[in-house]
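Novice: okay, sequence plus prediction incoming.
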Amino acid sequence: MLNAKKVLLSMKNINKSYPMGDSSLQVLFDVNFEVYQREFVSILGPSGSGKSTLMNIIGCLDVASSGTYILNGKDISKLKDKELASVRNRDIGFVFQSFQLLPRMSSIDNVVLPLIYAKVPAKERKQRAMVLLNKVGLGDKVMNKPKQLSGGQQQRVAIARAMVTDPAIILADEPTGALDQATGAQIIELFKQLNSEGKTIIMITHDPKIARQAGRIVHILDGRIYSQEEYERIYDEDGVKWTEREERPTIKERRRRRLANV
Amino acid sequence: MFKDIIKMSFKNLAMNKMRTFLTTLGIVIGITSIIALITIGQGVTSSVIDQLSGLGGNRVTVEITNTTVRKGFTDAEMESFLEITGVDGVSPTVRKNMVYTLVPGETNSNYNVVYNSTTRVMGVNNYYFQLVANDVIKAGRAITDDDIDNATHVVVLGHTLWKRLYGNYNPIGETIKIYNMDFVIVGIMSELVGLDTAGNHSLIVPYTTAMRDLQIGLVKTFDAVVSASEDMDIVVSQIDDRCAEIMGSTSGYSVVNQQEVMDIVVTITDLVLGMLAGIAAIALLVGGIGIMNMMLVSVSERTVEIGLRKALGAKPSVIMVQFLVEAVIISMFGGVLGVAFGAAIAYVASILIGYAFAFQATTVLLAVGFSVTVGLIFGILPARKAAKLNPIDALRAQ
Ligand SMILES: Nc1ncnc2c1ncn2[C@@H]1O[C@H](COP(=O)(O)OP(=O)(O)OP(=O)(O)O)[C@@H](O)[C@H]1O
Ligand SMILES: [Mg+2]
């Protein structure tokens, strides 16, 4: 059963370093990572762990310093700028923390945008955008500008835009980060629904509660990737290393220390 | 997709109407001045050349400069120049203010009583009509060589004079009196515009008649018309010899080859216009810098938008084209407006200065092509900047 699953995305020994003057700063270390078709994976890690760096590479906005990255059968590390652009256009749907809608355009025009670059004829563009706006529950807000929408509604427009080219994966970076809890939960529900309908989703977050909504959690810490099992072997439920964990002092011991201090 | 890019560009330009207008204005000013100068220049130069070649040859102007030696040539003396090989004809103009009379019954003028007045009488031959303008005869005919040979009493009315005396009535065949002699009206002239408008107010008669019967005096200056195939130097020196013979002196007169004068005039006109066009080109350059400035501002304002578009799959070339299209729309629009304004200015100038207004399609193509090139050249830097934007940095920049 598991063998029947198709690997959609595979990273092997991905390293990323940023040049810093004479030296360089390595941010990702030997990242090995796979995502299967129809999976809903979350990448969980604290601030500065390299989540955005990894997401930029997954999203083909940036290329790795070394290693192989294969997305939907294409070897990304060998592609030129304009080829990367068409991979972003066809194979990836981005959902950003800050929605990133163009403020001057109506919902439908925002959703249509990727299809313009995919050279889809105008009439078909509108039809496809309408279908998706209806799907995310905004069929009655197609002419609204982003300003005339709530945050949750804006993120729904962004999700419709991410879906419109029918990409291989949806890539969401802190999609609930700018939303209150209830609205965030609705967005996660929408992702779950899309996933159950067959969409592959990668969601990046620093919030374990959000991450647990996904089918699988991948941890990232200081630029290294850990599976849930590996992570649990090293860290406790509070994210503290077992090896560094101080044993909880007994009540007797605590009293002794208090007295000693006085 | 190109259609979408053009639509987007128009939307973006419409967003900042004032900025777009001011940037366009820079190009308009540049192209307007270039078009106006080129068109005026071409018009003046071709008028000068037309005047020169209007007689089917070169002209040599003979003038008595010292009238104490001799008051002028008689018609016979002047005609003796025709004996020189290469001289096809002579074109004299004699003029004097004279009394004329309109008598009811002899002519149906605006006046019911005998009307006396004074106006300029010009004695000319057919060359005058060939030279002064195209389509110069409104009705009837001009003065012919037969009129000169026979010193006939015929008159052609200048346009303004005709309007004043007759309104719109056509008096051809009727008679008026000049210096108390009957003259038959044979023609009416069209209105003259430009430098030589003296004919408008004149009664124009054969010069032989003017000299012999109207006592208008001697010819002080005339043009000798020389066929184009002749060696000018030889003809000019023969004319000079003939003058010396008549004058009985080698001074007190001048013989000027108009071709040489015109060559100098054309050279100077070209030089001055070239310099002015250079200044106009600087205006266009400034307009181009205006475009670049505007596009750079636009790129930095739209950094996030560009980043997003790239993230969503816009290739660098597509972004580049989008910005270039905006620059070209402005410069093309400015170019077209500039051509219109420039042509209008040249047209007004043609009326004021008095040359034939001619507008060449190649000038339009050249100007629009030129301004589009300016748009492309000055648009390329901002467009490249936009195309090279790193989407990661651009999306962060908010
Ligand atoms: N362009 C860059 N040049 C140099 N260093 C960078 C660059 N981008 C990121 N870094 C560094 O890489 C490390 C990881 O950054 P990254 O943005 O991937 O973290 P993150 O997990 O997304 O954090 P957060 O949750 O705060 O967004 C940081 O130490 C950061 O300073
Ligand atoms: Mg981040």
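Specialist: Noted; the coordinates are in hand. Ligands and ions are numbered 1, 2, ... in the order given.
Novice: helices and strands around whatever helix or strand residue B:279 lives in, which ones?
Specialist: Element membership of residue B:279, judged by DSSP states H and E, is helix B:258-301. Using 3 or more Cβ pairs under 8 Å, 6 or more residues apart in numbering or on different chains; DSSP states H and E as the contact test, the elements touching helix B:258-301 are helix B:17-53, strand B:57-64, helix B:316-349, helix B:361-388. Yep, even glycine has a C-beta here, placed from its N, CA and C like the rest.
Novice: in stretch A:76-87, what's buried?
Specialist: A:76, A:79, A:84-87 (16 or more other Cβ atoms under 10 Å in any protein chain shown).
Novice: and the contacts of that stretch?
Specialist: With contact meaning Cβ atoms under 8 Å, 6 or more residues apart in numbering or on different chains, stretch A:76-87 is reached by A:60-61, A:63-64, A:67-71, A:74, A:117, B:310, B:313-317.
Novice: any of these buried? List them.
Specialist: Looks like the contacts of stretch A:76-87 have A:60-61, A:63-64, A:67, A:69-71, A:74, A:117, B:310, B:313-316 buried, using 16+ other Cβ under 10 Å.
Novice: low-confidence ranges in the stretch 151-300 of chain B?
Specialist: Residues of the stretch 151-300 of chain B meeting the criterion pLDDT under 70: B:194-195.
Novice: closest residue of it to chain A?
Specialist: Of all residues in the stretch 151-300 of chain B, residue B:298 sits closest to chain A, at 13.5 Å by Cβ to the nearest Cβ.
Novice: tell me how far that residue lies from residue A:49.
Specialist: Applying Cβ to Cβ, to the nearest Å, the value for residue B:298 to residue A:49 is 37 Å.
Novice: ok, now residue B:136?
Specialist: 94 Å.
Novice: tell me the contacts of residue B:276?
Specialist: B:33, B:37.
Novice: same thing but at 7 Å, please
Specialist: Residue B:276 makes contact with residue B:37, according to Cβ atoms under 7 Å, 6 or more residues apart in numbering or on different chains.
Novice: nearest residue to the most centrally placed residue in chain B other than its sequence neighbours?
Specialist: The C-alpha lying nearest the average C-alpha coordinate of chain B belongs to residue B:355 (Cα atoms, centre = their mean; 2.6 Å). Excluding its sequence neighbours, the residue lying closest to residue B:355 (Cβ to Cβ, 6 or more residues apart in numbering or on different chains) is residue B:47, at 3.8 Å.
Novice: if we can go back for a sec, quick one: which of the buried ones among the contacts of stretch A:76-87 is nearest to ligand 1?
Specialist: Nearest to ligand 1 among those, counting by Cβ to the nearest ligand atom, is residue A:61 at 11.5 Å.
Novice: now the closest one: phi and psi?
Specialist: Main-chain torsions, residue A:61, degrees, to the nearest 10: phi -90, psi -20.
Novice: how about it, what does it touch?
Specialist: Counting by Cβ under 7 Å, 6+ apart, residue A:61 makes contact with B:311, B:391-392.
Novice: so which of those residues belong to helices?
Specialist: Within these, residues falling in helices by DSSP state H are B:311, B:391-392.
Novice: redo the residues you listed as JSON lines? Include neighbour count, distance to ligand 1 and pLDDT.
Specialist: Below are these laid out as JSON lines (neighbours: other Cβ atoms under 10 Å in any protein chain shown; distance: Cβ to the nearest ligand atom, whole Å; pLDDT from 0 to 100):
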{"residue": "B:311", "neighbour count": "24", "distance to ligand 1": "16", "pLDDT": "95"}
{"residue": "B:391", "neighbour count": "25", "distance to ligand 1": "13", "pLDDT": "91"}
{"residue": "B:392", "neighbour count": "18", "distance to ligand 1": "7", "pLDDT": "91"}
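Novice: for those, which one is nearest residue B:241?
Specialist: residue B:391 (88.1 Å; Cβ to Cβ).
Novice: for chain A, give me the ranges with low pLDDT.
Specialist: Counting by pLDDT under 70, the ranges of chain A that qualify are A:1-4, A:238, A:245-250, A:262.
Novice: any residues of it in contact with ligand 1? List them.
Specialist: Within chain A, the positions near ligand 1 by Cβ under 6 Å from any ligand atom are A:18, A:25, A:27, A:45, A:47-53, A:206.
Novice: now the strands: where do they sit in the stretch 151-262 of chain A?
Specialist: Per DSSP state E, counting those that start in this stretch, the stretch 151-262 of chain A carries strands over the ranges A:169-173, A:200-205, A:216-221, A:224-227.
Novice: with that, I have no additional questions.
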